[in-house]
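> dropping a prediction and its sequence here:
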Amino acid sequence: VVISGRTAFVGLPNAHEGAGAVFIYEEKSLVGWEKSEKPLISTSSVMGWGRLLGLDGDLACVGDRDGISTFHRPRDFHRPLGKWLHMKRININSTSGCSIAGKTTAVQSQVDGLLLYKYDQDMFDVFPLQDPIPVNVTSATLSQDYLIFFDNKNSANIYHQRGIDQEFALSQRLSHSDYSSSNHISIDKDILVIGRSNHTSIFSEQNGSWNYSVVLDRSYDDYQVSGRNLLATMDNDVYSFNLEDCIQSMPTQMPTSSMIPTLAPCYGIEIIVVYDRYPSDTSWELQGIDQVRDTVMLASHAGAYYDISHTEFMCLPEGEYTFTIHDSYGDGINLPGHYNVATTNGGLIAEGGDFGSSDTTVFFIPFSPAPSAIPSLIPTTPPSSPPSMIPSLSPSSPPSMAQIESLFETDCDAWCSPEVAIYGDAAVVMRNNIDVQFFSSTNSSFELITKID
């Protein structure tokens, strides 16, 4: 089930001669939600058509195990909302998901990786946006100019699109031992929700960086976030959360200059690696350590066959960091090769070459001690407790569940496996083979508007 604006798609994979169908609902101002037209029916007999759905505005994708079908709802002056028209079928091996944001469609394939398409309004068609991202991904989400997915290395990869029709590129990686490809994620604008083994992490985006903001003390089966409203499912239950109560300093709309929280100054560091005869043996990574001792991948690099050296500059806010360099053969970097990590004002953080398989350095920014030749305004000893790597937007202690949790009256005695979707103040809950319920949010609580068996 998916929802966008006042339109909802409900997929029933076995509703039409075993091939599946998608029912379309529209919200009417006086009568609530009702079916708007005939369901979308698969043009082939593929099993499971309708189990994968994506919807944003007037673009939609409907998927099954062998690919996706793309749809468009044309608008014109005389007919603001037309019927949904089929554009094309894209055959993709082992399709496991599809999502849409703006004019971009992301399709997950267990064989081909993550595929991205763009909609061309003039051609009334979709075309590849870039080469596939070759990863084994089972959980992915798309929102505006961000693409986020889990890989098989227990990392949440954040890709950013810096302009319309531009390619998505890796901008940040969130790593932790209890992240996995089975975790569920949801994103909307500046809020990212990641389910973990025993709790839920919520991140907020500021100035192009995703920062840890709130933790919920349990994990859920699925998440859907829109604005400051979060829905989460657990067994037969659906819970709603008002994140405004937790992250009060986070604006609900695009912030003005006066609303943007002031960020701490950043401090420049430079990483230099001079390779030996086997540059492809050497790789390094820089990670930050956040408030709850989770590591956040900030940068990494691996040498290529013909590389001679590599230099990288970055500006880091106050916080605790680890730099780790690896050699896959286990003999470090042979002379005259070496590595060097230093601040831009000359403070040596780490250097060497004879490190065997790996070498790790933990350091703090601002770095201490500073070189004696330069007058230092930085304390000569690290702080007694690690400073926060990012400005905190959360309360001094994480909010308790009771402050933000309310239960949908799903009225389900048997195993109903609810699926949920949310858009602004509208939410839809589909219970397995029972009914579809539409809710509206008023004063931070959801009320049942329409129930359709």
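Okay, I see it.

> ok, residue 361 - contacts?
With contact set as Cβ atoms under 8 Å, 6 or more residues apart in numbering, residue 361 has these partners: 322-324, 341, 349-350. Yep, even glycine has a C-beta here, placed from its N, CA and C like the rest.

> most neighbours of all those, which one?
Within the contacts of residue 361, residue 341 tops the neighbour count with 24 neighbours, counted by other Cβ atoms under 10 Å.

> could you identify the most distant pair in the contacts of residue 361?
324 and 349 (12.6 Å; Cβ to Cβ).

> helices of this protein, residue ranges please.
Read by DSSP state H, the chain holds these helices, from start to end of the chain: 401-404.

> confidence-wise, which helix or strand of it is lowest on average?
For the chain, using mean pLDDT, DSSP states H and E, the weakest element among its helices and strands is helix 401-404, scoring a mean of 36.

> related to what we said a few turns ago, let me know the closest of the contacts of residue 361 to residue 300.
Taking Cβ to Cβ as the measure, residue 324 is the one of these closest to residue 300, at 9.3 Å.

> who does that closest one form a beta bridge with?
On the basis of DSSP bridges, residue 324 is bridged to residue 285, residue 360.

> what sits against residue 296?
Contact criterion Cβ under 8 Å, 6+ apart gives 172-175, 212, 287-290, 389 as the residues in contact with residue 296.

> go again with 6 Å.
With contacts taken as Cβ atoms under 6 Å, 6 or more residues apart in numbering, residue 296 has the following neighbours: 174, 288, 290.

> in strands, which of those residues fall?
Filtering the contacts of residue 296 for membership in strands, criterion DSSP state E, returns 174, 288.

> could I get the contacts of residue 296 as TSV with pLDDT, distance to residue 72 and neighbour count?
Output for the contacts of residue 296, formatted as TSV (pLDDT from 0 to 100; distance: Cβ to Cβ, whole Å; neighbours: other Cβ atoms under 10 Å):
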residue	pLDDT	distance to residue 72	neighbour count
174	75	34	23
288	86	42	19
290	71	42	22
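
> want to try a markdown table for the contacts of residue 296, with distance to residue 139 as columns?
Below are these laid out as a markdown table (distance: Cβ to Cβ, whole Å):
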| residue | distance to residue 139 |
| --- | --- |
| 174 | 13 |
| 288 | 23 |
| 290 | 21 |
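
> looking at the contacts of residue 296, which one is closest to residue 318?
residue 288 (10.6 Å).

> and that closest one, how far from residue 309?
Relative to residue 309, residue 288 is positioned 25 Å away (Cβ to Cβ, to the nearest Å).

> now residue 151
Residue 151 sits at a distance of 29 Å from residue 309 (criterion: Cβ to Cβ).

> mind checking which of these two has more residues around it?
When residue 151 is set against residue 309 and neighbours are counted by other Cβ under 10 Å, the residue ahead is residue 151, at 21 against 13.

> quick check, that one in contact with residue 135.
Yes. Between residue 151 and residue 135 there is a contact at 4.8 Å, judged by Cβ atoms under 6 Å.

> hang on, residue 239 packs against residue 233?
No. Residue 239 lies out of contact with residue 233 (Cβ under 6 Å); the separation is 7.6 Å.

> give the residues shared as contacts by those two.
Taking Cβ under 6 Å, 6+ apart as the contact criterion, no residue touches both residue 239 and residue 233.

> okay then, goodbye and thanks.
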